[in-house]
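**Student:** Provided below for reference: sequence and predicted model.
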Protein chains: 2
Amino acid sequence: MNRDVLEDLTEAERKALAQCRHAVLGVERPLRLDCGVELGPYRVAYQTYGTLNADKSNAVLICHALTGDQFVAEQHPVTDREGWWESMVGPGKVLDPVRYFIISSNVLGGCMGTTGPLARDPATNQPWNLRFPVVTVGDMVRAQAALLDHLGIPELFCVIGGSMGGMQVLEWAASFPSRVFAAVPIACAARHSAQNIAFHEVGRQAIMADPDWRGGDYRLHDTAPARGLAVARMTAHITYLSELALQRKFGRNLQNRDALGFGFDADFQVESYLRHQGSTFVDRFDANSYLYITRAMDYFDLARGHGGVLANAFKGSPTRFCLMSFTSDWLFPTHESREIVHALNAAAANVSFVEIASDKGHDAFLLDEPEMFRTLTGFLQGAANVRGLA
Amino acid sequence: MNRDVLEDLTEAERKALAQCRHAVLGVERPLRLDCGVELGPYRVAYQTYGTLNADKSNAVLICHALTGDQFVAEQHPVTDREGWWESMVGPGKVLDPVRYFIISSNVLGGCMGTTGPLARDPATNQPWNLRFPVVTVGDMVRAQAALLDHLGIPELFCVIGGSMGGMQVLEWAASFPSRVFAAVPIACAARHSAQNIAFHEVGRQAIMADPDWRGGDYRLHDTAPARGLAVARMTAHITYLSELALQRKFGRNLQNRDALGFGFDADFQVESYLRHQGSTFVDRFDANSYLYITRAMDYFDLARGHGGVLANAFKGSPTRFCLMSFTSDWLFPTHESREIVHALNAAAANVSFVEIASDKGHDAFLLDEPEMFRTLTGFLQGAANVRGLA
């Protein structure tokens, strides 16, 4: 069983799993996915920082965004770059492993060690590829809950994440209210907007238009839709930045030249930057995973499972919420966070909300934003006091 | 000579030229392009509505946007759809052919009859394809000026256009101030922003990543990069609409289904709509033209040729300007128009500016926007009075 789930890894998965922990779950009780499929066994790759205290009250779950993973605060085994949230996690930082037991797992459908389209269907021993069931943010969260069961952790002190990570935080609070003491959804929404679905669809079409995609079976043909995936990443990357950030960072500066080239090479720095973003992304990310995870975000609509009323998702919630958005984030603009705040207020939940002035766009949540750190430090200190954490 | 320039037309060009007029220019005096190439002979396909008056004072030039063309106010010969500015041009409308002699020409680099990458290099009799020189908005305007010379029209009562059409209007006013009585640049900018260059670059990369593009020589292989061009169009189309317009028009409505499909078909109406936009676009537009015209927009930076000071482009301008922008246009936001207004004020030019409240995004300039029509009617009436037009 274990062998079936672990064999046939990509090079990236192999490197990832060598540097983190993993659990094989769903062996006896498969995970019932929203699409109706029973998934099991499945693997969850995760990383931890710090130590669980005696009464298991200091666990913090970090949920990652679309292209993030479990390597939050360490050199990444595939890219060799620093972890994606080193600014937030580490000794002396907001999420300090000395104080908290920090867990971060690669999402279901991912490509950094957790089961996704790269894996084999245990029933047929054939690669899933596009036959992998479409998963939802709810499915991702239920897989994380199963991991916590496996780790013997009944309750999380805090669940935190930005973007799709924030969607998972909301889903956690709605699905497992008694397991979430504090929730921090950052730069997210309770349902994916039409514009965001549109941008994701463009990315998927770029991947599926690449002849090397081969209906999703590219690994069987020893190829990969690298050009399509790069275009998808380039499009998405624009949406992660603000117009002002792009203008300030690049403007109309030329790349390694004094004059316009009158051709289709990368004349402008912004073109060169985007091409680089595209080409480095394909070295670390799987195209089918990209399809599945964008789909999960598109499908996210928390109110839908609660009679179309978002407040119902948080009825009687014991969780303390802290929401944050950024003024220049046009992918998940502040009005999306406000809708969540309104619903939480309507549900009489304990909620604070801060819109942070930043010109860095959606990616601000990954960057050095002192007000985000200050807000979070205060919120967590208050919650820790109430929880009786030293 | 004429034969060389006219042969080897695409089906779309043939239909277009059958329904409009054209001029073969640059035979004796080639057009000196900004890249240094001398282009000639070249063909300009154009359409006219109305009649030039005796003193040639009622000519209006309409400049089209990236994917527009000369068929402003009539059924399009290729798509069979109505003209792209029927809301603005026609009997009883703002631009009335009873009053004005209206001219609209397909831009240099275009694919609706004017010379572009689809044409043959007269020097070699080989298809230009990607060997066609990279043209600029300035080159487009100089080709239009040559057309006016050919038509014997010394001065335009008005030059008007939105988006890239607005860039041409600005270029007209800067390059030929004595030939432009009134100028109406709508929803545009004096230089293409980093974000807009980025979106164009994504579109170009999508086209060039398509193996059917074949380095631009797809016609020689009897193919076309349809999938890449469709992805390019889909990306661009999102930028033409506002988030609110997409949300109101589509929201999260499903397409011909009651429940999520848990797959990668077009579950959502917005996906289906985008796919339709992509697939219909490739039937009417040429991929290489798309590369060239997006490049021309990227290269547009009116201040650059005037010592980096935009006001210098309008020094001593006799032209009356009327600028318009739309509140929800995030491709050419109002602040871009304001920069032009500031420069015109600094140059002591005659300028009025209206920001129109609209939730329709950049495409508002093509749509039924009563305040745009009212503003323009008033402006044109005032200008006509000064000009002594009946």
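**Tutor:** Yes, it's here. Residues are numbered from 1 along each chain as shown, chains lettered A, B, ... in the order given.
**Student:** What are the boundaries of the strands in chain A?
**Tutor:** Counting by DSSP state E, one finds strands in chain A at the ranges A:21-25, A:31-32, A:38-39, A:42-49, A:59-63, A:101-105, A:120-121, A:126-127, A:156-162, A:180-186, A:320-326, A:350-356.
**Student:** Now distance to B:F132 and mean pLDDT too, for these, in a markdown table please.
**Tutor:** For the C-beta atoms, the positions are set from N, CA and C on the backbone; glycine is no exception. Listed next are the strands of chain A as a markdown table, based on distance: least, C-beta to C-beta, whole Å; pLDDT from 0 to 100:
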| stretch | distance to B:F132 | mean pLDDT |
| --- | --- | --- |
| strand A:21-25 | 55 | 98 |
| strand A:31-32 | 56 | 98 |
| strand A:38-39 | 53 | 97 |
| strand A:42-49 | 51 | 98 |
| strand A:59-63 | 50 | 98 |
| strand A:101-105 | 52 | 98 |
| strand A:120-121 | 50 | 92 |
| strand A:126-127 | 45 | 92 |
| strand A:156-162 | 45 | 98 |
| strand A:180-186 | 48 | 98 |
| strand A:320-326 | 43 | 98 |
| strand A:350-356 | 48 | 98 |
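**Student:** how is chain A carved up into domains?
**Tutor:** As given by automatic domain parsing, the domain ranges for chain A are A:2-192+A:302-387, A:196-295.
**Student:** for A:F101, what are its contacts?
**Tutor:** Residues in contact with A:F101 (C-beta atoms under 8 Å, 6 or more residues apart in numbering or on different chains) are A:48-53, A:58-60.
**Student:** 7 Å instead?
**Tutor:** A:F101 sits next to A:48, A:50-52, A:58-60 when contact means C-beta atoms under 7 Å, 6 or more residues apart in numbering or on different chains.
**Student:** about what we covered before: what would the domains of chain A look like in JSON lines with distance to B:R233?
**Tutor:** Conversion of those to JSON lines gives the following (distance: least, C-beta to C-beta, whole Å):
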{"stretch": "domain A:2-192+A:302-387", "distance to B:R233": "21"}
{"stretch": "domain A:196-295", "distance to B:R233": "10"}
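**Student:** Just give me the residue right at the centre of chain A.
**Tutor:** The C-alpha lying nearest the average C-alpha coordinate of chain A belongs to A:A65 (C-alpha atoms, centre = their mean; 1.9 Å).
**Student:** so what's it closest to, chain neighbours aside?
**Tutor:** A:S163 (3.9 Å; C-beta to C-beta, 6 or more residues apart in numbering or on different chains).
**Student:** Likewise for A:R99?
**Tutor:** A:N58 (6.7 Å).
**Student:** was I right about the one you found contacting A:F157?
**Tutor:** Yes. Counting by C-beta atoms under 7 Å, A:F157 is a contact partner of A:N58 at 5.6 Å.
**Student:** okay, and the common contacts of the two?
**Tutor:** Common contacts of A:N58 and A:F157 (C-beta under 7 Å, 6+ apart): A:100, A:389.
**Student:** Out of the domains of chain A, which gets nearest to B:N196?
**Tutor:** Distance to B:N196, taken as C-beta to C-beta, is lowest for domain A:196-295 among these, at 8.7 Å.
**Student:** How far does that closest one sit from its chain's centre?
**Tutor:** Here the centre of domain A:196-295 is set off from its chain's centre by 19 Å, with C-alpha atoms, centre = their mean, to the nearest Å.
**Student:** Check the burial of A:D283 by counting its neighbours.
**Tutor:** 10 (other C-beta atoms under 10 Å in any protein chain shown).
**Student:** That one and A:R204, how far apart?
**Tutor:** Distance from A:D283 to A:R204, counting by C-beta to C-beta, to the nearest Å: 20 Å.
**Student:** And for A:G228?
**Tutor:** Relative to A:R204, A:G228 is positioned 9 Å away (C-beta to C-beta).
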